[in-house]
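> here's my sequence, what's the structure:
(one chain, ligands or ions: 2)
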Amino acid sequence: PQPEDESPCSDSGCGGSPALMRSPRKLSNSSSIGLSSASSFEESEDDFTGSDIESSLSPNKSWQKLKTMVHWSPFVVSFKKRYPWVQLAGHANFQAGEYGRLLKRYCESEQHCLEKLMKDTLRPYVPGYHGVVQKEEQDYNLMDDLLAEFDSPSIMDCKMGSTYLEEELTKARERPRLRKDMYEKMVAVDPGAPTEEERAQQGILKPRYMQWRETLSSTATLGFRIEGIKKADGTCNTNFKKTKHREQVMQALEDFVDGNTQILRLEELRSVLEQSQFFRTHEVVGSSLLFVHDASGKAKVWMIDFGKTVPLPSPQTLDHRTPWMEGNREDGYLWGLDNLIDIFSSML
Ligand SMILES: Nc1ncnc2c1ncn2[C@@H]1O[C@H](COP(=O)(O)OP(=O)(O)OP(=O)(O)O)[C@@H](O)[C@H]1O
Ligand SMILES: O=P(O)(O)O[C@@H]1[C@H](O)[C@H](O)[C@@H](OP(=O)(O)O)[C@H](OP(=O)(O)O)[C@H]1O
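Ligands and ions are numbered 1, 2, ... in the order given. The predicted structure is shown next:
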């Protein structure tokens, strides 16, 4: 069976290198630090000069062709510090950009979300978005690299709320397609999980896999799950598939926080979410909170990954807390955030 490509922006079958490619601007070949689908890159210590910017915009370089308006800083940009880039989860969708920016493989629904979010009250909680760029005939959404302003940061990706769209369920029903790769991922974690029928088929439907992943982890019971943690000391863990119970989650969070309790304050984000027009009018699925802090005490959280965030038909709105029932499109995002805040409060 063919891999199923049901998600608006799933890159199944699209190929592409899992490694971040080197940009023309002296990105070093620094070694991977053992993350799934991840590589790291380092900015050159050399300063950028005005002429670098000019030459980087020369028309004969296809990767710099601008598809929509991209706002380049009119002044000289200086990159003095080295920092490794880390991808904690997700597909091999990223490339290093310039000026502390990242290129993420183009996804139309993500583009629409990021454009709207730049005008929403949630803007401070979303990576700055700089339009679509094309590089080697591939389109990318260009956004700020959230790690750029930190020194040796600790990073955590928490996937909030539901992980599959109602649309994915409907499509799987209309056009059921077996996923051998998902069957294999399931068996690798729990050989007893597939049903007799799935075992005979050696394949499973994507929603079945996604639901199984939700119940295996804390998504089903707490409304969020940890996808990956990289600590300042370089240690990294993306093995949280079975981190399910409150105590297990809290232990992982404590390890990540490492005494920097500033990172635990999420009430402001919650109240901005509750006010946001964008949030009220979108089904937000598979999106993560990216927590970043470093030894200086600096700590921030952002919303990332809007590949499966879709607008609701007007005048429908969501409260993001009502339990999901097929048809209501509730994603449980705020229910998950309430639980996360509750756990954080007990850690303060
Ligand atoms: N703007 C950003 N700045 C820094 N790191 C980022 C940024 N966006 C994403 N990342 C890193 O890349 C990882 C994957 O990001 P994202 O979830 O957007 O990718 P994806 O391929 O769409 O994931 P998925 O397969 O879960 O849909 C994050 O866990 C984080 O480590
Ligand atoms: O974490 P796992 O266990 O590796 O499972 C993947 C994960 O749930 C991704 O969120 C999902 O991508 P989307 O969110 O984009 O659907 C991907 O589907 P895919 O293989 O169809 O891309 C799954 O394989």
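> now for the residue most central in space within the chain: which residues touch it?
Centroid-nearest residue in the chain: residue 305, 4.0 Å away (criterion: C-alpha atoms, centre = their mean). By C-beta atoms under 8 Å, 6 or more residues apart in numbering, the contact list for residue 305 reads 90, 110, 286, 287, 288. The way it works is simple: take the backbone N, C-alpha and C, and place the C-beta from them, glycine included.
> how about 6 Å then?
Residues counted as contacts of residue 305 (C-beta atoms under 6 Å, 6 or more residues apart in numbering) are 287, 288.
> pLDDT value on it, please?
What the model reports as pLDDT for residue 305 is 98.
> what separation do you get for it and residue 106?
With distances defined as C-beta to C-beta, to the nearest Å, the gap from residue 305 to residue 106 amounts to 14 Å.
> ok, now residue 190?
In this view, residue 190 and residue 106 are 35 Å apart by C-beta to C-beta.
> looking at the two, which one has more neighbours?
Neighbours were counted for residue 190 and for residue 106 using other C-beta atoms under 10 Å; residue 106 has more, 18 against 12.
> ok, for the more buried one, nearest residue in space, not its chain neighbours?
Leaving aside its chain neighbours, residue 106 sits nearest to residue 139 (3.6 Å; criterion: C-beta to C-beta, 6 or more residues apart in numbering).
> name the element that neighbour belongs to?
Per DSSP states H and E, residue 139 falls inside strand 138-144.
> what's that strand packed up against?
Applying 3 or more C-beta pairs under 6 Å, 6 or more residues apart in numbering; DSSP states H and E, one finds that strand 138-144 contacts strand 101-105, strand 129-135.
> can we see that at 8 Å?
strand 101-105, helix 108-117, strand 129-135 (3 or more C-beta pairs under 8 Å, 6 or more residues apart in numbering; DSSP states H and E).
> what angle separates the shortest one from strand 138-144?
Inter-element angle recorded for strand 101-105 and strand 138-144: 140 degrees (by axes from the mean of the first three to the mean of the last three C-alpha atoms, to 10 degrees).
> OK, now which residue of the chain is nearest to ligand 1?
Taking C-beta to the nearest ligand atom as the measure, the point where the chain comes nearest ligand 1 is residue 90, at 2.3 Å.
> quick revisit: now do the buried residues in the strand holding residue 139.
The neighbour-count criterion (16 or more other C-beta atoms under 10 Å) identifies 139, 140, 141, 142, 143, 144 as the buried residues of strand 138-144.
> since that was my last question, I'll sign off now.
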